[in-house]
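J.: pasting the sequence and the predicted model now:
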Amino acid sequence: MTKLFVLDLDGCVTYPFQTPHWESISKIREYNIRSRTDSTIPPLSICTGRPYAYAEAVAQWLDIRLPIVFESGGGVYFPDAQSIEFSSAYYEKKEKVEEVKAWISHIVETKYPDVLIEFTKKTDAGLVHSDESRIIEIFELACDHVHKNFPDFEVHRTEVSVNIILKTCSKGTGLQWLSRITHISLSEFAYIGDSSGDISALKIAGKPYTPKNGTPALDTYATRLNGETSQAVLEAYEMLIQSNREILATN
């Protein structure tokens, strides 16, 4: 059975610069609340590249009570205790993280002043822009610079963002962290993601999904759904619930 459904945010639950699809968000929230009294409904968690504040706000929308991962695998927020823990890997490479952030700031200030830096991030460097052509340009620049100067880091992008993260703080390590915290096996995890930054998580989750809007490369690692963003999350959630109920009925 699936015992935990972990959600990426951008491109799945939400989409930057657009109003969420509140009808599907409300249904997802209702299922998550019912998971506390119905064992066939897996509860929700989050694993996102977004910073803590953004992830915590969406967790409130969905009434998530379990720990959530932010900044890919850089940190975990514990809603019940109202506490945050950062990865030990971040502390080991803290000086290098600051160097990457300084480079991003310099690039934005000198070449791309219209690009938004995710300034609240602690363990990685990220930026956001609504023009995908600008994102691709910065992504290619970042890939070249990181490859030459920061071998402990990797670069990912979505249509609206670029993220430079520690290889040891990926979404895959984020899921592993959640597994240790929750005492739930990764084989009992479901995960939905839409970009290259999700591959490390999709590869190890028991049931991996990607929405219709997910990058084509994810077809190698995940089941592609019919819906987009939160409608795809709802589609996957209902598939997981149905599968759990069928398993329970045969046991």
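T.: Nice, thanks for sending it over.
J.: give the contact list for the closest residue to residue 203 other than its chain neighbours.
T.: Closest residue to residue 203 in three dimensions, ignoring its sequence neighbours and counting by C-beta to C-beta, 6 or more residues apart in numbering: residue 221, at 5.6 Å. Backbone N, C-alpha and C define where each C-beta goes, glycine included. Residues near residue 221 by C-beta atoms under 8 Å, 6 or more residues apart in numbering: 199, 202-203, 208, 210.
J.: next: residue 11.
T.: Each residue near residue 11 by C-beta under 8 Å, 6+ apart is listed here: 158-159, 193-195, 211, 213-214, 229.
J.: re earlier: can you select the buried ones from the contacts of residue 221 in ChimeraX?
T.: Filtering the contacts of residue 221 down to the buried ones (16 or more other C-beta atoms under 10 Å) takes a single ChimeraX command:
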select :199,202,208,210
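J.: so which pair among the contacts of residue 221 is furthest apart in space?
T.: 203 and 210 (12.3 Å; C-beta to C-beta).
J.: before we move on, back to that, sitting in strands, which of the contacts of residue 221 do you find?
T.: When DSSP state E is applied, the contacts of residue 221 are split such that 208, 210 fall in strands.
J.: so which of the contacts of residue 221 comes closest to residue 188?
T.: Checking the contacts of residue 221 against residue 188 with C-beta to C-beta, the nearest one is residue 208 at 13.0 Å.
J.: mind checking how far the closest one is from residue 136?
T.: 26 Å (C-beta to C-beta, to the nearest Å).
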